[in-house]
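[1] Output the structure for:
(chains A and B)
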Amino acid sequence: GQSLEQPSEVTAVEGAIVQINCTYQTSGFYGLSWYQQHDGGAPTFLSYNALDGLEETGRFSSFLSRSDSYGYLLLQELQMKDSASYFCAAPGAGTALIFGKGTTLSVSS
Amino acid sequence: EAQVTQNPRYLITVTGKKLTVTCSQNMNHEYMSWYRQDPGLGLRQIYYSMNVEVTDKGDVPEGYKVSRKEKRNFPLILESPSPNQTSLYFCASRAGGPSTDTQYFGPGTRLTVL
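    Numbers count the residues shown, from 1 in each chain, chains lettered A, B, ... in the order given. The predicted structure is shown next:
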């Protein structure tokens, strides 16, 4: 079946670096996206990797390896406001977008 | 401002009473979809639409209906709601095609079925 697997929880302290991994199994793979969701809010787009390699957007970076069916989101210089859930997503059958179950990141001072 | 709107934001209803959650986007996006989010289960797709009059089932379509008569609107219909449909619902849109990156989400509708 089609699925994306990611850790359920990650904890870190302010100023640290954290990596959230995502392994996927989908048909017709086009790229891997990452979304952030604060408690009770709507998911918001963070990044997208269509090709292998690293994409950097400010403190956040995302990496994709198609040969390994693997990607990760790297968050640097962590701040308290980064405490949220992070989802990886990829196209599934047709144009449906499949999401992982999410990783809850807790940042402490 | 580019946005996806949903109404209502909060709804408490009773079993069997038909309801509709509206969704509208102002970005002229072809692709729209509905998700439900439940603790520990992440975002699960209910239905999606690739354009006007084109809809398809997602992972959890049972008990739901949708329609896409206009490009901007994609209402979610629960003909006979049941307590297991208590959830947080999100509408989303994107420009179209599986290679498109950004998907925009509405603010969510928290539904409780008693």
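
[2] Could you use CA atoms for every contact and neighbour count after this?
    Fine.

[3] show me what contacts the residue lying closest to residue A:38 once chain neighbours are set aside?
    In this structure, residue A:38 finds its nearest non-sequential neighbour in residue A:84, 4.7 Å apart by Cα to Cα, 6 or more residues apart in numbering or on different chains. For residue A:84, the contacting residues are A:36, A:37, A:38, A:39, A:104, A:105, A:106, by Cα atoms under 8 Å, 6 or more residues apart in numbering or on different chains.

[4] Now intersect the residues you listed with the strands, please.
    Using DSSP state E, the members of the contacts of residue A:84 that fall in strands are A:36, A:37, A:104, A:105, A:106.

[5] in stretch A:75-91, what counts as buried?
    Neighbour counts using 16 or more other Cα atoms under 10 Å in any protein chain shown place A:75-76, A:78-79, A:82-91 of stretch A:75-91 among the buried residues.

[6] Equivalent analysis for stretch B:72-86, please.
    B:72, B:73, B:74, B:75, B:76, B:77, B:78, B:81, B:82, B:85, B:86.

[7] now for these, which pair is the farthest apart?
    B:72 and B:82 (28.1 Å; Cα to Cα).

[8] Please produce JSON lines containing the contacts of residue A:84, extended by distance to residue A:25.
    What follows is the contacts of residue A:84, written out as JSON lines (distance: Cα to Cα, whole Å):
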{"residue": "A:36", "distance to residue A:25": "21"}
{"residue": "A:37", "distance to residue A:25": "23"}
{"residue": "A:38", "distance to residue A:25": "26"}
{"residue": "A:39", "distance to residue A:25": "27"}
{"residue": "A:104", "distance to residue A:25": "21"}
{"residue": "A:105", "distance to residue A:25": "23"}
{"residue": "A:106", "distance to residue A:25": "27"}
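
[9] Buried ones only from these, please, as a ChimeraX command.
    Filtering those down to the buried ones (16+ other Cα under 10 Å) takes a single ChimeraX command:
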select /A:36,37,104,105,106
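
[10] The helix or strand bottoming out on mean pLDDT in chain A pairs with which strands?
    Sorting the helices and strands of chain A by mean pLDDT, DSSP states H and E puts strand A:97-99 at the bottom, at a mean of 84. Strand A:97-99 pairs in its sheet with strand A:84-91 (antiparallel), by DSSP bridges.

[11] ok, now how distant is residue B:86 from chain A?
    15 Å (Cα to the nearest Cα, to the nearest Å).

[12] For that residue, give me phi and psi.
    Backbone torsions of residue B:86, given as degrees, to the nearest 10, read phi -60, psi 120.

[13] swap in residue B:83?
    Dihedral angles (degrees, to the nearest 10) for residue B:83: phi -60, psi -30.

[14] Enumerate every residue touching it.
    So residue B:83 contacts B:15, B:112, B:113, B:114 (Cα under 8 Å, 6+ apart).

[15] And residue B:110, by the same measure?
    B:9, B:10, B:11, B:86, B:87, B:88, B:89.

[16] Could I get the contacting residues of the second one?
    Right, the one you point to is residue B:10. B:109, B:110, B:111.
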